[in-house]
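> starting from these lines, generate the structure:
(one chain, ligands or ions: 2)
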Amino acid sequence: MDLVAAFAAIEDRTSSTIGVTDTNPFPEEEERILSRVDAGLHGGLSFTYAHPGTASSPAESFPWASSIVVAAVPYLEAGDGERDDRTVARFADGDRYDYLREVLEQIASELAGRGHRIEVVFDDNRLLDRPLALRAGVAWSGKSTMTLTPGAGPWILLGSVVTDAKIPVSEPMQRTCGTCDACIPACPTDAIISPGVLDARLCISAVLQRRGTIDPALRPKIGSRIYGCDDCLVACPPGQPALRRHTPAATVLNPEHVLTVEDEELERIADRWYVPSRRMRFVRRNALVALGNSGDESSLELLAAYLSSDDELLSSHAAWAIGRIAGPPARAILQSALRTVTSEIVRAELVAAIAAAARGGVYADESSGRHPPTKPSASTQEAAR
Ligand code: SF4
Ligand code: SF4
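Ligands and ions are numbered 1, 2, ... in the order given. The predicted model follows:
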């Protein structure tokens, strides 16, 4: 069996899409990344933004290679069906890279078995996985900025096997989103500023991964999320059949659990998440915002304990959450804290929280309109087929 036939057999066995590209650079990608960094749209995230020159020139990191075999592998599993109150995005719920790793190992073993040098690469700053996937014809680029395949829509992980084998390259996929634009209004923060352009400063997925204070204007829109956001993926018609094939999760990660477990347990939960410097305070910060958005008065005692934390990041987000919950008990906690607070940062949060609590939990910088996850209409489903 030749390599092309061997890859086709792996595709059939694994429901994946596999293509081949060369190691030529992506000069337009380097330009695109640099212009987004200039415009501030990267939102402080590093990853490929950190080394755009290297990431867009595969031959720099892999001078020995001739071809790159790219795989788009579906990652939905039982428990991933639709459920509006998910607090963790599907890709981050457990180790979704297991199956990708397995598919890439199958490809690698076909190549190694023929005596070729190989290196399996995924989630790695040395390669731009999305442009590679487009050039290798395994996906098309969605208006949401996600890559999509016909079988799985945006619910895919990308990985590559870099090899010295000379393999005929594949043609790019002749598909587009067509007239569909369901992901754009589905975004709770309007982070997709035009088709295919994401302002990472507004994207909840990116915001929850960053260090520091979460912009107060974004906190209400974060809703119950603790890590990641799937709204633009859930709204995407090509991904709907895959979503429907799976049952919803029986339980979701509870923000109270995040705020009461020891660091060791939280590190286990967040094992595959990007957490700045692996400091669990950033995950707890996210959970404080989620708990505030729950509006649940029974969580006030827990939030009051965080309000008295020595960590300003946590006490200031706890103040915000208490103001969000509002009601007389919340106001009493905030007023009492204001009498003894010494941190100017926390004081400012307390003042804003007291005002918000008086308005029923609405903050002055809160824009109107919260978007629930949007289901595609029949017409957009048709358009994207
Ligand atoms: S829907 Fe969520 S993940 Fe998608 S762009 Fe908007 S904030 Fe980011
Ligand atoms: S929702 Fe529609 S426009 Fe957005 S990525 Fe999916 S198919 Fe493309």
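> wait, what's in contact with Thr120?
Not quite, residue 120 is Val, not Thr. Contact analysis of Val120 by CB atoms under 8 Å, 6 or more residues apart in numbering lists 101, 104-105, 108, 159-161. (C-beta placed from N, C-alpha, C; glycine too.)
> can you do 7 Å?
Contacts for Val120 were tallied using CB atoms under 7 Å, 6 or more residues apart in numbering; they are 104-105, 108, 161.
> apart from its neighbours in sequence, what residue is nearest it?
Leaving aside its chain neighbours, Val120 sits nearest to Leu104 (4.8 Å; criterion: CB to CB, 6 or more residues apart in numbering).
> state the distance from the residue in the stretch 51-200 of the chain that ligand 1 sits nearest to to Asp199.
Going by CB to the nearest ligand atom, ligand 1 is nearest to Cys187 of the stretch 51-200 of the chain, at 3.2 Å. Distance, Cys187 to Asp199, using CB to CB, to the nearest Å: 10 Å.
> of those two, which one has the most company?
Higher neighbour count among Cys187 and Asp199: Cys187, with 22 against 19, using other CB atoms under 10 Å.
> surely the more buried one is in contact with Cys232?
Yes: in this structure, Cys187 is within contact of Cys232 by CB atoms under 7 Å, at 5.5 Å.
> any part of stretch 226-236 near ligand 1?
Yes: using CB under 6 Å from any ligand atom, stretch 226-236 reaches ligand 1 at 229, 231-232.
> quick one on the thing from earlier: which of the contacts of Val120 count as buried?
104, 108, 161 (16 or more other CB atoms under 10 Å).
> for the stretch 1-150 of the chain, what are the low-confidence residue spans?
Applying pLDDT under 70 to the stretch 1-150 of the chain picks out residues 36, 38-52.
> could you tell me which residues of it lie near ligand 2?
142-144, 146.
> farthest pair within the residues you listed?
Across those, no pair lies farther apart than Lys143 and Met146, at 9.0 Å, counting by CB to CB.
> tell me which of the contacts of Val120 fall in helices.
Those of the contacts of Val120 mapping onto helices are 104-105, 108, per DSSP state H.
> out of those, who's nearest Ala353?
Leu104 (48.4 Å).
> list the contacts for the closest one?
For Leu104, the contact set (CB under 7 Å, 6+ apart) comprises 71, 120, 122, 159, 161.
> list the contacts of Glu312.
343, 345-346.
> show the pLDDT at it.
pLDDT, Glu312: 97.
> now the contacts of Leu104 as CSV including secondary structure and distance to Val138?
Formatted as CSV, these follow (DSSP: H, G, I helix; E, B strand; the rest coil; distance: CB to CB, whole Å):
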residue, secondary structure, distance to Val138
Ala71, strand, 7
Val120, strand, 16
Phe122, coil, 13
Gly159, strand, 10
Val161, strand, 13
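> export these to a markdown table and tack on distance to ligand 1?
Converted to a markdown table, these look like this (distance: CB to the nearest ligand atom, whole Å):
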| residue | distance to ligand 1 |
| --- | --- |
| Ala71 | 23 |
| Val120 | 27 |
| Phe122 | 20 |
| Gly159 | 21 |
| Val161 | 28 |
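> how is this structure carved up into domains?
3-75+94-163, 255-380 (automatic domain parsing).
> pretty sure Val283 sits against Val275.
Yes: between Val283 and Val275 there is a contact under CB under 7 Å: 5.9 Å.
> higher neighbour count, the two?
Between Val283 and Val275, counting by other CB under 10 Å, Val283 is the more crowded of the two (22 against 19).
> tell me if the helix or strand encompassing the more buried one is near ligand 1.
Assigned by DSSP states H and E, Val283 belongs to helix 281-294. No: figure legend: helix 281-294 not in contact with ligand 1 (CB under 6 Å from any ligand atom); closest approach 13.6 Å.
> mean confidence score for that helix?
The model assigns helix 281-294 a mean pLDDT of 98.
> what angle sits between whichever helix or strand comes after it and helix 281-294?
Downstream of helix 281-294, the first helix or strand assigned by DSSP H and E is helix 300-307. Angle, helix 300-307 to helix 281-294, by axes from the mean of the first three to the mean of the last three CA atoms, to 10 degrees: 140 degrees.
> ok, residues contacting helix 300-307?
256, 259, 288, 291, 314-315, 318-319, 321-322, 325, 329-330, 333, 337.
> try it again with 10 Å
255-256, 259-260, 284-285, 287-288, 291-292, 296, 314-325, 327, 329-330, 332-334, 336-337, 341, 346, 349-350, 353 (CB atoms under 10 Å, 6 or more residues apart in numbering).
> pull out the buried residues from the helix or strand that it is followed by.
Using DSSP H and E, the helix or strand that follows helix 300-307 towards the C-terminus is helix 312-325. Neighbour-count burial for helix 312-325 flags 313-325 (criterion: 16+ other CB under 10 Å).
> give me the distance between the two termini of stretch 234-248.
13 Å (CA to CA, to the nearest Å).
> give the buried residues for that stretch.
Here stretch 234-248 shows 234-240, 242-243, 246 as buried, counting by 16+ other CB under 10 Å.
> stretch 299-311 too?
Applying 16+ other CB under 10 Å to stretch 299-311 flags 299-300, 302-304, 306-307, 309 as buried.
> for the stretch 151-300 of the chain, what lies in contact range of ligand 2?
Going by CB under 6 Å from any ligand atom, the residues of the stretch 151-300 of the chain near ligand 2 are 177, 180-183, 235-238.
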